[in-house]
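In: Structure of the sequence below:
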Amino acid sequence: MDNQQLQYCDEVMKFRKVLNLTSIKDVNVFYKTFITPSVLLEKWIPQGATVLDIGSGMGIPGIPLLIHRPDIRGILVERRMKRTEFIRHVIRKLKLNGVAHDADIIDLEPLGATVCTARAVSEVSALIALCDKHIVDGGLAVLPIPNDVDLPVIQGWVLKEDFFQQGQQRIVCYQKSCL
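Out: Okay, here's the model as predicted:
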(Lines give C-alpha, C1' and ligand atoms only; values in the text may rest on other atoms or scores of the structure.)
Protein backbone atom coordinates (compact mmCIF):
# COMPACT_ATOMS: atom_id res chain seq x y z
CA MET A 1 0.00 0.00 0.00
CA ASP A 2 1.60 3.29 -1.05
CA ASN A 3 1.42 6.50 1.00
CA GLN A 4 -1.54 8.06 -0.85
CA GLN A 5 -3.53 4.82 -0.70
CA LEU A 6 -2.83 4.62 3.03
CA GLN A 7 -3.91 8.24 3.51
CA TYR A 8 -7.13 7.55 1.59
CA CYS A 9 -7.84 4.45 3.68
CA ASP A 10 -7.16 6.46 6.85
CA GLU A 11 -9.63 9.16 5.76
CA VAL A 12 -12.31 6.57 5.01
CA MET A 13 -11.75 4.94 8.42
CA LYS A 14 -11.89 8.34 10.14
CA PHE A 15 -15.21 9.33 8.52
CA ARG A 16 -16.75 5.90 7.89
CA LYS A 17 -19.27 6.00 10.74
CA VAL A 18 -20.37 9.62 10.63
CA LEU A 19 -20.90 9.54 6.84
CA ASN A 20 -21.99 5.90 6.67
CA LEU A 21 -19.23 5.16 4.14
CA THR A 22 -18.57 1.52 5.00
CA SER A 23 -19.09 -0.97 7.80
CA ILE A 24 -15.55 -2.30 7.29
CA LYS A 25 -13.32 -1.41 10.26
CA ASP A 26 -10.08 -3.11 9.19
CA VAL A 27 -7.86 -1.15 6.76
CA ASN A 28 -6.48 -4.34 5.17
CA VAL A 29 -9.98 -5.69 4.53
CA PHE A 30 -11.03 -2.30 3.11
CA TYR A 31 -8.00 -2.31 0.82
CA LYS A 32 -8.70 -5.83 -0.44
CA THR A 33 -12.43 -5.16 -0.85
CA PHE A 34 -12.31 -1.73 -2.52
CA ILE A 35 -8.83 -0.53 -3.54
CA THR A 36 -7.56 -3.67 -5.30
CA PRO A 37 -10.70 -4.16 -7.47
CA SER A 38 -10.74 -0.44 -8.34
CA VAL A 39 -7.14 -0.44 -9.51
CA LEU A 40 -7.84 -3.49 -11.72
CA LEU A 41 -9.98 -1.23 -13.92
CA GLU A 42 -6.96 0.82 -14.97
CA LYS A 43 -6.02 -1.81 -17.57
CA TRP A 44 -8.84 -0.48 -19.79
CA ILE A 45 -8.20 3.22 -19.21
CA PRO A 46 -6.14 4.95 -21.93
CA GLN A 47 -3.27 7.28 -21.11
CA GLY A 48 -4.51 10.80 -20.27
CA ALA A 49 -8.18 9.79 -20.14
CA THR A 50 -10.93 11.72 -18.40
CA VAL A 51 -12.71 9.18 -16.20
CA LEU A 52 -16.31 9.68 -15.08
CA ASP A 53 -17.19 7.80 -11.89
CA ILE A 54 -20.99 7.65 -11.53
CA GLY A 55 -22.41 7.17 -8.02
CA SER A 56 -18.98 7.52 -6.50
CA GLY A 57 -20.11 7.13 -2.88
CA MET A 58 -16.89 7.24 -0.86
CA GLY A 59 -14.84 7.69 -4.05
CA ILE A 60 -14.80 4.11 -5.32
CA PRO A 61 -13.46 3.38 -7.91
CA GLY A 62 -12.49 6.96 -8.80
CA ILE A 63 -10.12 7.86 -5.96
CA PRO A 64 -8.00 4.67 -6.15
CA LEU A 65 -7.76 5.12 -9.94
CA LEU A 66 -6.63 8.76 -9.56
CA ILE A 67 -4.03 7.69 -7.00
CA HIS A 68 -2.75 4.83 -9.15
CA ARG A 69 -2.88 6.74 -12.46
CA PRO A 70 -1.82 10.39 -12.04
CA ASP A 71 -2.06 10.79 -15.84
CA ILE A 72 -5.87 10.64 -15.77
CA ARG A 73 -8.41 13.27 -14.76
CA GLY A 74 -11.40 12.25 -12.68
CA ILE A 75 -14.98 13.49 -12.59
CA LEU A 76 -16.68 11.90 -9.59
CA VAL A 77 -20.45 12.28 -9.38
CA GLU A 78 -22.29 11.58 -6.12
CA ARG A 79 -25.74 12.94 -5.34
CA ARG A 80 -25.34 12.85 -1.54
CA MET A 81 -23.76 16.17 -0.57
CA LYS A 82 -21.97 14.91 2.57
CA ARG A 83 -20.25 12.18 0.60
CA THR A 84 -19.37 14.60 -2.17
CA GLU A 85 -17.76 16.89 0.42
CA PHE A 86 -15.77 13.88 1.65
CA ILE A 87 -14.60 13.17 -1.91
CA ARG A 88 -13.61 16.83 -2.36
CA HIS A 89 -11.71 16.70 0.92
CA VAL A 90 -9.76 13.63 -0.23
CA ILE A 91 -9.03 15.15 -3.66
CA ARG A 92 -7.63 18.29 -1.99
CA LYS A 93 -5.71 16.44 0.72
CA LEU A 94 -4.06 14.03 -1.73
CA LYS A 95 -3.68 16.67 -4.49
CA LEU A 96 -5.44 14.47 -7.04
CA ASN A 97 -6.43 15.54 -10.55
CA GLY A 98 -10.18 15.40 -10.11
CA VAL A 99 -13.42 17.21 -9.38
CA ALA A 100 -16.55 16.09 -7.57
CA HIS A 101 -20.14 17.01 -8.38
CA ASP A 102 -22.95 16.70 -5.85
CA ALA A 103 -25.70 16.05 -8.36
CA ASP A 104 -27.68 13.33 -10.03
CA ILE A 105 -25.86 12.36 -13.24
CA ILE A 106 -29.02 12.90 -15.31
CA ASP A 107 -29.12 16.57 -14.24
CA LEU A 108 -25.59 17.40 -15.44
CA GLU A 109 -24.71 18.87 -18.82
CA PRO A 110 -22.55 16.59 -21.04
CA LEU A 111 -19.15 16.11 -19.36
CA GLY A 112 -17.07 14.93 -22.34
CA ALA A 113 -15.41 12.04 -20.53
CA THR A 114 -13.47 9.34 -22.38
CA VAL A 115 -14.19 6.56 -19.88
CA CYS A 116 -17.13 5.91 -17.59
CA THR A 117 -17.05 3.60 -14.60
CA ALA A 118 -19.26 2.86 -11.65
CA ARG A 119 -19.54 0.37 -8.86
CA ALA A 120 -22.85 -1.10 -7.72
CA VAL A 121 -24.95 1.69 -9.20
CA SER A 122 -27.34 -0.03 -11.58
CA GLU A 123 -27.65 -2.84 -14.08
CA VAL A 124 -25.47 -2.60 -17.20
CA SER A 125 -27.90 -1.19 -19.78
CA ALA A 126 -29.33 1.37 -17.32
CA LEU A 127 -25.83 2.48 -16.33
CA ILE A 128 -24.71 2.89 -19.92
CA ALA A 129 -27.87 4.90 -20.61
CA LEU A 130 -26.87 7.21 -17.72
CA CYS A 131 -23.34 7.72 -19.01
CA ASP A 132 -24.16 7.90 -22.74
CA LYS A 133 -24.48 11.68 -23.05
CA HIS A 134 -21.33 12.22 -20.96
CA ILE A 135 -18.99 9.98 -23.01
CA VAL A 136 -17.33 11.02 -26.25
CA ASP A 137 -17.78 8.89 -29.38
CA GLY A 138 -15.33 6.00 -29.17
CA GLY A 139 -15.25 6.33 -25.38
CA LEU A 140 -15.50 3.39 -23.00
CA ALA A 141 -17.70 2.12 -20.19
CA VAL A 142 -15.56 -0.07 -17.90
CA LEU A 143 -17.78 -1.78 -15.37
CA PRO A 144 -17.23 -4.34 -12.62
CA ILE A 145 -20.29 -6.60 -12.55
CA PRO A 146 -21.27 -9.90 -10.92
CA ASN A 147 -20.13 -13.02 -12.79
CA ASP A 148 -23.69 -14.30 -13.18
CA VAL A 149 -25.08 -11.25 -15.03
CA ASP A 150 -26.08 -11.72 -18.67
CA LEU A 151 -24.69 -8.96 -20.88
CA PRO A 152 -27.19 -6.98 -22.91
CA VAL A 153 -26.83 -5.76 -26.47
CA ILE A 154 -26.93 -1.96 -26.20
CA GLN A 155 -27.76 0.22 -29.16
CA GLY A 156 -24.89 2.56 -29.97
CA TRP A 157 -22.39 0.52 -27.91
CA VAL A 158 -20.20 -2.49 -28.71
CA LEU A 159 -18.97 -5.04 -26.17
CA LYS A 160 -15.16 -4.90 -26.44
CA GLU A 161 -14.15 -7.22 -23.61
CA ASP A 162 -15.67 -9.48 -20.98
CA PHE A 163 -12.90 -10.21 -18.49
CA PHE A 164 -13.57 -12.92 -15.92
CA GLN A 165 -11.51 -12.84 -12.77
CA GLN A 166 -11.43 -15.03 -9.71
CA GLY A 167 -14.18 -14.44 -7.20
CA GLN A 168 -17.65 -13.04 -7.70
CA GLN A 169 -16.96 -10.24 -10.20
CA ARG A 170 -15.85 -9.71 -13.75
CA ILE A 171 -15.09 -6.57 -15.72
CA VAL A 172 -16.86 -5.66 -18.93
CA CYS A 173 -15.79 -2.99 -21.36
CA TYR A 174 -18.25 -1.46 -23.83
CA GLN A 175 -17.22 1.10 -26.44
CA LYS A 176 -19.48 3.88 -27.65
CA SER A 177 -19.90 3.70 -31.42
CA CYS A 178 -18.63 6.58 -33.51
CA LEU A 179 -21.58 7.92 -35.46
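
In: which residue packs closest to Pro61, ignoring adjacent ones?
Out: Sequence neighbours aside, Ser38 is the residue nearest to Pro61 in space, at 3.4 Å (criterion: C-beta to C-beta, 6 or more residues apart in numbering). All C-beta atoms are positioned from the backbone trio N, CA, C, and that covers glycine.

In: Check which residues of the helix or strand where the one you found lies are buried.
Out: Using DSSP states H and E, the element containing Ser38 is helix 36-40. Buried residues in helix 36-40, defined by neighbour count with 16 or more other C-beta atoms under 10 Å: 37-40.

In: Quick check: the residue nearest to Pro61 touching Met58?
Out: No - in terms of C-beta atoms under 8 Å, Ser38 does not count as a neighbour of Met58; the distance is 11.0 Å.

In: Would you mind pulling the contact partners of stretch 32-44?
Out: Contact with stretch 32-44 is made by 1, 5, 8-9, 22, 24, 60-65, 68-69, 115, 117, 119, 140, 142, 144, 161, 165, 169, 171, 173, as judged by C-beta atoms under 8 Å, 6 or more residues apart in numbering.

In: again, only this time at 7 Å
Out: Contacts to stretch 32-44, defined as C-beta atoms under 7 Å, 6 or more residues apart in numbering, come from residues 5, 24, 60-61, 64-65, 68-69, 117, 140, 142, 144, 169, 171, 173.

In: Run me through the strand neighbours of the top strand by length along the chain, direction for each.
Out: If you go by DSSP state E, the chain has its longest strand at strand 135-146. Looking at strand 135-146 with DSSP bridges, its partner strands are strand 113-118 (parallel), strand 169-176 (antiparallel).

In: related to what we said a few turns ago, top of the contacts of stretch 32-44 by number of neighbours, please.
Out: Greatest neighbour count in the contacts of stretch 32-44, by other C-beta atoms under 10 Å, goes to Thr117: 30 neighbours.

In: For that residue, which non-adjacent residue is spatially closest?
Out: Val142 (5.0 Å).

In: wait, that neighbour sits on Val115?
Out: Yes - taking C-beta atoms under 7 Å as the definition, Val142 is a contact partner of Val115 at 5.9 Å.

In: hey, what's in contact with both of the two?
Out: Jointly contacting Val142 and Val115 under the rule C-beta under 7 Å, 6+ apart are Ile45.

In: just the helices in the chain please.
Out: Ranges of helices within the chain are 3-15, 27-30, 36-40, 62-68, 81-94, 124-131, based on DSSP state H.

In: can I get those helices in JSON lines with mean pLDDT?
Out: Listed next are the helices of the chain as JSON lines, based on pLDDT from 0 to 100:
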{"stretch": "helix 3-15", "mean pLDDT": "96"}
{"stretch": "helix 27-30", "mean pLDDT": "94"}
{"stretch": "helix 36-40", "mean pLDDT": "92"}
{"stretch": "helix 62-68", "mean pLDDT": "97"}
{"stretch": "helix 81-94", "mean pLDDT": "97"}
{"stretch": "helix 124-131", "mean pLDDT": "92"}
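
In: Perfect, that will be all.
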